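> Give me a model of this one.
(2 chains, ligands or ions: 2)
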Amino acid sequence: MNLPYRVTLEKRLDAPRIVVWLVPVVSILVALAFGAIVLAVAGADPLEAYGQILTGAFGSLTAWLDGEFYAVSETVVRTVPLILTGLAVAVAFRMRFWNIGAEGQLVFGGVFAAWVALFLPGVIPGIPQTLWVYLPLMAVVAVAGGAIWALIPAFLKAYLDVDEIITTIMLNFVAILTYQYLFTGPWKDPEGQGFPGSALFPEFTWLPRLTGRVTLGLVLALAAAVVVWLIFDHTKLGYEIALMGENPEAARYAGVNRAGIIIVVMVLSGGLAGLAGFTETAGISHRLQQGLAIGNGFTGIIVAWVAKLRPGWIVVVAFLLSALFVGGDQLQISMGLPASIGAFFQGMILLFILGGDVFTRYRVKVARRPAAVAVEG
Amino acid sequence: MTDTAPIAVALRGITKTFPGVLANDDVDLEVRRGEIHALLGENGAGKSTLMSVLTGLYQPDRGQILIGDETGSLRPVTIVSPRDAIGLGIGMVHQHFKLVPTQTVAENIILGMDGVPFVLDMGSVEADVAALSERFRMPVPVSAFIWQISVGEQQRVEILKALYRGAEILILDEPTAVLTPQEAAEVAATLRALAGEGKAIIFISHKLDEVMTVADRVTVLRKGRNVATVDVGATDKHRLAELMVGREVATTIDKDDGAIGPVVLRIDGVVARNDRGIVALKDLTLEVRAGEILGIAGVAGNGQRELTEVATGLRRVEQGTVTVDGEDLTNRPPVRFIDAGVSHVPSDRLGRGLAGNLPLADNMAMKAYRRPPIAAGPMLRRDRMRAFAGDLIERFNVDTPGPDTPARNLSGGNQQKAILAREITAGTWARERGRRPVLIAAYPTRGLDVGAIEDVRRHLIEQRSGGTAVLLISEELDELMMMSDRIAVLHGGEVMGVVAPAETTIEELGLMMAGEMRR
Ligand SMILES: Nc1ncnc2c1ncn2[C@@H]1O[C@H](COP(=O)(O)OP(=O)(O)OP(=O)(O)O)[C@@H](O)[C@H]1O
Ligand SMILES: [Mg+2]
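Residues are numbered from 1 along each chain as shown, chains lettered A, B, ... in the order given. Ligands and ions are numbered 1, 2, ... in the order given. As a prediction, the model looks like this:
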């Protein structure tokens, strides 16, 4: 290292707007360029592959002219749970509470919602069997399911100071195994001819569709984003969450109740993940079956982090990542590439965006080495 | 030192801007070998910034840095990192120490050095450090962990760290602000010894007495610009204060006799442990009355921190009671103390008093966000929060571009003013609710310039005269003698006595602080 020039990073005091915008865009382009190399090595024409991802995710012009929006509607379908898990993660992360358990909380929400749909009409037949009664009820119970599951690590952290990363990760496994046990065991559809899954929910528990397979769940997710934005920026709770996240000692000094806020935040976080369990069971599968635990809770972490924990951006990032998933599926079908290609691109993009962040926070300087140092070295 | 000693370092025309702030405006500074050069200026005058430019933490927008050799011939250098700086023999001890608490003294000293072999011979490092500490008469326990040693010892470790790296130009940013007077005197002796060896020393201080006794020359900055460079022999304290502030500064303060009311804060037979589980308050009993300032004298580490925490609900009490205005608040959560009208200026600004990354507005609202007009039910009115902060910034003369600036970007003294503004304001609300407010102020003037100290003292007296019960913790006996109605002396977690300033002397206080006398 005896070059006369040296590259150093200087902390930016205030990143200019253009940099804040340009860095992620360039990061994505670099990720795509890298992806192209990998695709080429895998024997696919990168340009064609990217074209396929685009049409797979958004549809083609000819399809649009025919009034055919199937592709983009599928992308929206996948966006809904990602918005909700992204928000769930963001709420906790804002307080530097590392909730890695959105997956389990989502599954628990789904299980609770399924119980209402499958058994409540039998238990309390008096409840009017209409959408207007059952959907809100299921939603509330699903939120409660996610929240209850999140309360376990919350209590452990608040009162016994048990590390939340470990507990939330472990509880994912417990939740997923419980749910698999239910739909393959006690809740299994007796008329299912061996097919693993619960009975079909009654129709008055199905989320109404807006278009294609897109349901009211989309409206719910967008509304949740608005609510979380309001909480973050315009409530006392949001203020306390930020204070706890930035300096827990200052928060204590300011009179914030540590145990109380950990519990509230995890109820919110788990509740949002539970809501995703509701939109996926009541909106898409209409039964409890394999396919509820497909990693939305984990992808939510990527969504939240890339969006810098900001609700508006979470919606955008969830949509883009979902497009990669849906478009990636298309690659698998039409070009015979492995199904994991979507996840591969997500990983690449995350890596480059997080890496690229260095350029937002630091300015790269090329400086001449001071003579003394050069002589010495 | 003579005027003919060769120049060690020269800064020429340094300009540095931050968004919305001109921190250094065409500043010149010249320091000679063997000289102790004090840098003086109000809070926010740009002293720390100028030194950060010299040590490569910031790049100047304009200006030049020149380094001189033994003959005094200068050559321009570019310093883009602290590593470059140390390569050129420039070492710095920062306003906030940068030591790793869980490592030993010797480990901290070699931490991050170039050319450290993979397999370390700690024995020889410790021997080197011991030799160095011997040579400059700076005793440090070389194999102790940082968390085990006092602040004064940590300060010495920071200095040794710079010397071990071969610093010929040593910069100290407010090295004595957190030290006891005895420790400060030791630092002064060390600096003299270093200068005697031909090292150039730049030190920043707000304590004019100290500057007058330690320094050879003084450069004064005001609002980012050079005001003057003078020989200490040719000036005096008042003249320096005037140069800094641009007006005359009162060094004494008017205090009426006041009307002392009933006991508001009562700490009765309290036993509490410190963070390491050792009993730090032993059966401590104190009373603070409405309309009085009770000063707490004592060598740092004799229970002051624990006392403030017990009085604000931040630390559990094992025995005894804490009562505020007749309400028993023993072991109640901090929010109950806040509601009862207890305000607190903590000793640890960035660790407890502020959330550095959050905007100043959020920081100033830490006691205000629960109440209207900032709170509206569960909602938070951001516009009103900004307006509230803006108002406090104005009324308490906090120097900042505005309420949206992150708190960590304020100069040290202005952070302190912001905290004080917040806490005093919280006290006035308590009074509106018909409560007698309590103000716990730990080292409130630490790191402030003379003008700001005068302001703070005036504010404290004003609170007292308005009926607040003030508990004032300070290392400076002069301050305690001037401000307090009564002084309680702490030693080893016990009260050695409570005396009126008029009926005691500094010497007597000293004996009590040393635990050699009770009254
Ligand atoms: N990183 C930063 N970003 C923005 N503004 C800054 C930053 N650092 C310092 N400033 C501003 O520059 C000015 C000079 O600050 P500096 O810390 O140099 O003052 P100082 O003379 O050391 O004051 P003090 O005696 O209070 O420590 C202040 O107005 C401060 O708010
Ligand atoms: Mg400073």
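
> Now do the nearest residue to B:A514 once chain neighbours are set aside against B:G269, distance only.
Using C-beta to C-beta, 6 or more residues apart in numbering or on different chains and skipping residues adjacent in sequence, the residue nearest B:A514 is B:H491, 7.2 Å away. C-beta here means a position set from N, CA and C on the backbone, and glycine is covered the same way. B:H491 sits 17 Å away from B:G269 when distances are taken as C-beta to C-beta, to the nearest Å.

> neighbour count winner among these two?
Shown here are B:H491 and B:G269; by other C-beta atoms under 10 Å in any protein chain shown, B:H491 has more neighbours (20 against 13).

> residues in contact with the more buried one?
Shown in contact with B:H491 (C-beta atoms under 8 Å, 6 or more residues apart in numbering or on different chains): B:298-299, B:302, B:512-515.

> Give me the phi and psi angles of it.
Per-residue torsions, B:H491: phi -150, psi 130 (degrees, to the nearest 10).

> looking at the sheet around it, what are its partners?
Note on B:H491: beta-bridge partners by DSSP bridges are B:E494.

> Look at residue 100 and tell me its secondary structure.
You didn't say which chain, so I picked chain A. coil (DSSP: H, G, I helix; E, B strand; the rest coil).

> that's the wrong chain, I meant chain B
Secondary structure state of B:V100, per three-state DSSP, is coil.

> Show the backbone phi and psi for it.
phi -100, psi 110.

> The nearest residue to it once chain neighbours are set aside - how many residues pack around it?
Closest residue in space to B:V100, ignoring its immediate chain neighbours: B:N108 at 5.8 Å, by C-beta to C-beta, 6+ apart. B:N108 is flanked by 22 other residues according to other C-beta under 10 Å.

> Confirm that B:N108 sits in a helix.
Yes. B:N108 sits within a helix when classified using three-state DSSP.

> so what's it scoring on pLDDT?
Here the pLDDT value assigned to B:N108 is 86.

> so it touches B:W147, yeah?
No. Assessed by C-beta atoms under 8 Å, B:N108 is found out of contact with B:W147, at 11.2 Å.

> one step back: if any of the contacts of B:H491 are buried, put those into a PyMOL selection.
Per 16 or more other C-beta atoms under 10 Å in any protein chain shown, the buried members of the contacts of B:H491 correspond to this PyMOL selection:
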select buried, chain B and resi 298+299+302+512+513+515
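
> and ligand 1, which of the contacts of B:H491 contact it?
Here nothing survives when the contacts of B:H491 are matched to ligand 1 using C-beta under 6 Å from any ligand atom.

> Now name the helix or strand holding the residue in the stretch 201-350 of chain A positioned nearest to chain B.
Nearest residue of the stretch 201-350 of chain A to chain B: A:G255, at 3.4 Å (C-beta to the nearest C-beta). Assignment of secondary structure by DSSP states H and E places A:G255 within no helix or strand.

> can I assume it is in contact with B:V335?
Yes. At 3.4 Å, A:G255 and B:V335 qualify as touching, with contact defined as C-beta under 8 Å.

> Give me the common contacts of the two.
Counting by C-beta under 8 Å, 6+ apart, A:G255 and B:V335 have no common neighbour.

> and the two? which has more neighbours close in?
Ranked by neighbour count (other C-beta under 10 Å), A:G255 and B:V335 place A:G255 first, with 20 against 15.

> Report the separation between the more buried one and B:E306.
Between A:G255 and B:E306 the distance is 20 Å, computed by C-beta to C-beta.

> that older thread, how close does the residue of the stretch 201-350 of chain A closest to chain B sit to ligand 2?
Counting by C-beta to the ion, to the nearest Å, the gap from A:G255 to ligand 2 is 30 Å.

> From ligand 1, how far off is that residue?
28 Å (C-beta to the nearest ligand atom, to the nearest Å).

> average pLDDT for stretch A:358-366?
Stretch A:358-366 shows a mean pLDDT of 75.

> buried residues in that stretch?
A:359-360.

> Equivalent analysis for stretch B:367-387, please.
Those would be B:367-370, B:374-375, B:380-382, B:384-386, for stretch B:367-387 by 16+ other C-beta under 10 Å.

> Quick one: end-to-end distance for it.
Terminal residues of stretch B:367-387 lie 15 Å apart, using C-alpha to C-alpha, to the nearest Å.

> So is that stretch next to chain A?
Yes. Using C-beta under 8 Å from any C-beta of the partner chain, stretch B:367-387 reaches chain A at B:367, B:369-370, B:375, B:378-382.

> What residues of the host helix or strand of B:I296 count as buried?
Per DSSP H and E, B:I296 falls inside strand B:293-297. Judged by neighbour count using 16+ other C-beta under 10 Å, the buried positions of strand B:293-297 are B:293-297.

> tell me, which of those make contact with ligand 1?
Subset of these in contact with ligand 1: empty, counting by C-beta under 6 Å from any ligand atom.

> of those, closest to chain A?
Distance to chain A across these (C-beta to the nearest C-beta) is lowest for B:I296, with 19.4 Å.

> For the closest one, give me its contacts.
Neighbouring residues of B:I296 by C-beta under 8 Å, 6+ apart: B:304, B:307, B:471-474, B:480, B:487-490.

> Quick check: pLDDT value at it.
If you check B:I296, the pLDDT there is 97.

> If you drop the residues flanking it in sequence, what lies closest to it?
Spatially, and ignoring its direct neighbours in sequence, B:I296 is nearest to B:I473 (4.5 Å; C-beta to C-beta, 6+ apart).

> can you tell me how far B:Q304 sits from ligand 1?
Computed as C-beta to the nearest ligand atom, the B:Q304 to ligand 1 distance reads 23 Å.

> Equivalent analysis for A:F325, please.
Distance from A:F325 to ligand 1, counting by C-beta to the nearest ligand atom: 42 Å.

> what's the neighbour count on that residue?
Other residues lying near A:F325 total 25 when counted by other C-beta under 10 Å.

> how about the helix or strand hosting it: buried residues?
Here A:F325 sits within helix A:311-335, counting by DSSP H and E. For helix A:311-335, burial by neighbour count (16+ other C-beta under 10 Å) applies to A:311, A:313-315, A:317-332, A:335.

> and that helix, what does it pack onto?
Counting contacts by 3 or more C-beta pairs under 8 Å, 6 or more residues apart in numbering or on different chains; DSSP states H and E, helix A:311-335 packs against helix A:46-58, helix A:70-94, helix A:217-234, helix A:296-306, helix A:341-361.

> Tell me if stretch B:431-442 is near chain A.
No. For stretch B:431-442, no contact with chain A is found by C-beta under 8 Å from any C-beta; the gap never falls below 11.4 Å.

> then that stretch to CSV, C-alphas only?
Provided in CSV are the C-alpha atoms of stretch B:431-442 (Å, rounded to 0.1, in the frame of the first residue of the first chain):
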residue,chain,number,x,y,z
ARG,B,431,-45.8,25.3,40.0
GLU,B,432,-48.8,26.0,37.9
ARG,B,433,-50.3,22.7,39.1
GLY,B,434,-49.9,24.0,42.6
ARG,B,435,-46.9,21.8,43.5
ARG,B,436,-43.6,22.9,44.9
PRO,B,437,-41.0,22.0,42.3
VAL,B,438,-37.7,20.3,43.0
LEU,B,439,-34.7,20.8,40.7
ILE,B,440,-31.8,18.3,40.9
ALA,B,441,-28.9,19.9,39.1
ALA,B,442,-25.8,17.8,38.7
